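Trainee: Here's a sequence, model it:
(one chain, ligands or ions: 1)
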Amino acid sequence: QRETKTKQKEDFSKGSLSLPQRPRRNRKSDAIRSLTRETILLPQHLVYPIFIHADSYVKPIPSMPDCQVHSISSMLEQVDMAYRWGVQNVILFPKIDVKLKSNTASECYNPNGLVPQAISEIKSKFPKVMVWTDIALDPYSSMGHDGMVGDIVQGKQKQSVILNDETVQQLCRQALCHAAAGADVVAPSDMMDGRIGAIRMALDEKGYTYVSICSYTAKYASSFYGPFRDALDSAPVDIPGVPKDKKTYQMDPGNALEALREMELDEHEGADMLMVKPGLPYLDIIRLIRENTTLPVVVYQVSGEYAMIKAATQQGWLDEKQCVMESLLCFRRAGANAILTYFAKDAAQWLVEQDDIARKSFLQ
Ligand code: PBG
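Mentor: Sure thing, here's the model as predicted:
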């Protein structure tokens, strides 16, 4: 002990440290760094969210630069481009004409509606692409809620609430409608109680046993969904007596144990994949769920996260490509198998290009 101390002091006075452990040795070159890297991000880990509407023009989304609401034909171009870079999963989000919205949101199971039409277009042109759909009433709801609004009576008190069981009935119809159109994965994002079990039963009853359910398991009542609600014009509206936020069904940002409770329920009810949403502020929840389930874990890098990166990079304050790649890699490190991100197409392209550059440099 004393000897090593003296030796260390000698070395130190000569200007060097005698260290048996020098972690920097494993960072000394790209070859060593890529050999020892613990986490890998590939295009096939990405799911590409696409906004669509029934119009034939492409509509920019001011709070989501470089993201648009697509027509059916430009949606197909997006799918094509993303697929060429290796993104094999897409998820559709419809902007519904205000005239079709109602409190019951019955347009959500119109077999000739926008989403069923979009699904069958994609499946007929790109049969290998997995089409995911969002299951929730909000794009179709005149109230801007994920469920139906109705009154309940408790004693002498009448109260407006987001109805649970009635909503679940609608969600089952929506899931069946998407399954009939050819959806591969339905993703309930509504946070009603019991919806996973009910949807699984409804699908199985009609023979759609091969349609997967990716549950938004831990979906938080987050302020990071703002740009998405701008894009779809789906924010909760001002109605006296009806809560203008989603806190009675989406989770409280302070809660982690509750995510485990939702996880257990979703597993029990037959979910195939479990989603955490939003992404970056909730990496601990991804890790928590990863360590407690054998199911694949999915994360959603939401519209507000996209907007933050875009805004800072447009100012020249951050480097877009590097920040995007870092955030996606960190989702993987936290334990996510798959990532829903508006950057999917660009990130996949960057990954392929990086790989090409690396390969070419070996040949020199
Ligand atoms: C609908 C839904 C929302 C998002 C995905 N599905 C909005 C919400 O819950 O208010 C948000 C996604 C994003 O912000 O990118 N239930």
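
Trainee: contacting residues for residue 132?
Mentor: 47, 89, 90, 91, 92, 183, 184, 185, 186, 187, 214 (CB atoms under 8 Å, 6 or more residues apart in numbering). Every residue, glycine included, has its C-beta placed from N, CA and C.

Trainee: Toward the C-terminus from the helix or strand where the fifth one lies, list the very next helix or strand.
Mentor: The one in question is residue 92. In the assignment (DSSP states H and E), residue 92 maps to strand 89-94. Using DSSP H and E, the helix or strand that follows strand 89-94 in sequence is helix 114-125.

Trainee: how big is the angle separating that next one from strand 89-94?
Mentor: 150 degrees (axes from the mean of the first three to the mean of the last three CA atoms, to 10 degrees).

Trainee: The following helix or strand past helix 114-125 to helix 114-125, inter-axis angle?
Mentor: Using DSSP H and E, the helix or strand that directly follows helix 114-125 along the chain is strand 130-135. Orientation check (the same axes, to 10 degrees): strand 130-135 against helix 114-125 gives 170 degrees.

Trainee: Please name the strands paired to strand 130-135 in the sheet, noting orientation.
Mentor: As defined by DSSP bridges, the strand partners of strand 130-135 come to strand 89-94 (parallel), strand 185-188 (parallel).

Trainee: what about dumping the CA coordinates of the very next helix or strand once past the shortest one to CSV?
Mentor: Meaning strand 185-188. Using DSSP H and E, the next helix or strand after strand 185-188 towards the C-terminus is helix 195-205. Coordinates of each C-alpha in helix 195-205 appear next as CSV, following Å, rounded to 0.1, in the frame of the first residue of the first chain:
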residue,chain,number,x,y,z
ARG,A,195,-59.4,-1.0,-23.3
ILE,A,196,-56.6,-3.5,-24.1
GLY,A,197,-58.6,-6.5,-23.0
ALA,A,198,-61.8,-5.3,-24.7
ILE,A,199,-60.0,-4.6,-28.0
ARG,A,200,-58.2,-8.0,-27.9
MET,A,201,-61.5,-9.7,-27.3
ALA,A,202,-63.3,-7.8,-30.1
LEU,A,203,-60.5,-8.5,-32.5
ASP,A,204,-60.3,-12.2,-31.7
GLU,A,205,-64.0,-12.6,-31.9
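
Trainee: neighbours around the residue in the stretch 151-300 of the chain that the ligand sits nearest to, how many?
Mentor: Nearest residue of the stretch 151-300 of the chain to the ligand, counting by CB to the nearest ligand atom: residue 228, 3.2 Å away. Neighbours of residue 228 under the rule other CB atoms under 10 Å: 24.

Trainee: what's the answer for residue 288, then?
Mentor: By other CB under 10 Å, 21 other residues sit near residue 288.

Trainee: The residue nearest the centre of the chain pairs with what?
Mentor: Centroid-nearest residue in the chain, with CA atoms, centre = their mean: residue 300, separated by 2.4 Å. In this entry, residue 300 is beta-bridged to residue 340, by DSSP bridges.

Trainee: With only the CA atoms kept, save the longest helix anywhere in the chain in CSV.
Mentor: What stands out as the longest helix in the chain, according to DSSP state H, is helix 344-363. Output of helix 344-363 as CSV, limited to C-alpha atoms (Å, rounded to 0.1, in the frame of the first residue of the first chain):
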residue,chain,number,x,y,z
ALA,A,344,-37.6,8.5,-38.6
LYS,A,345,-37.1,9.1,-42.4
ASP,A,346,-34.2,11.5,-41.9
ALA,A,347,-32.6,9.5,-39.2
ALA,A,348,-32.8,6.3,-41.2
GLN,A,349,-31.2,8.1,-44.2
TRP,A,350,-28.4,9.4,-41.9
LEU,A,351,-27.8,5.9,-40.5
VAL,A,352,-27.5,4.4,-43.9
GLU,A,353,-25.2,7.2,-45.1
GLN,A,354,-23.0,6.9,-42.0
ASP,A,355,-22.7,3.2,-42.6
ASP,A,356,-21.8,3.8,-46.3
ILE,A,357,-19.1,6.3,-45.3
ALA,A,358,-17.7,3.9,-42.7
ARG,A,359,-17.6,1.1,-45.2
LYS,A,360,-15.9,3.2,-47.9
SER,A,361,-13.3,4.4,-45.4
PHE,A,362,-12.3,0.7,-44.7
LEU,A,363,-11.6,0.3,-48.4
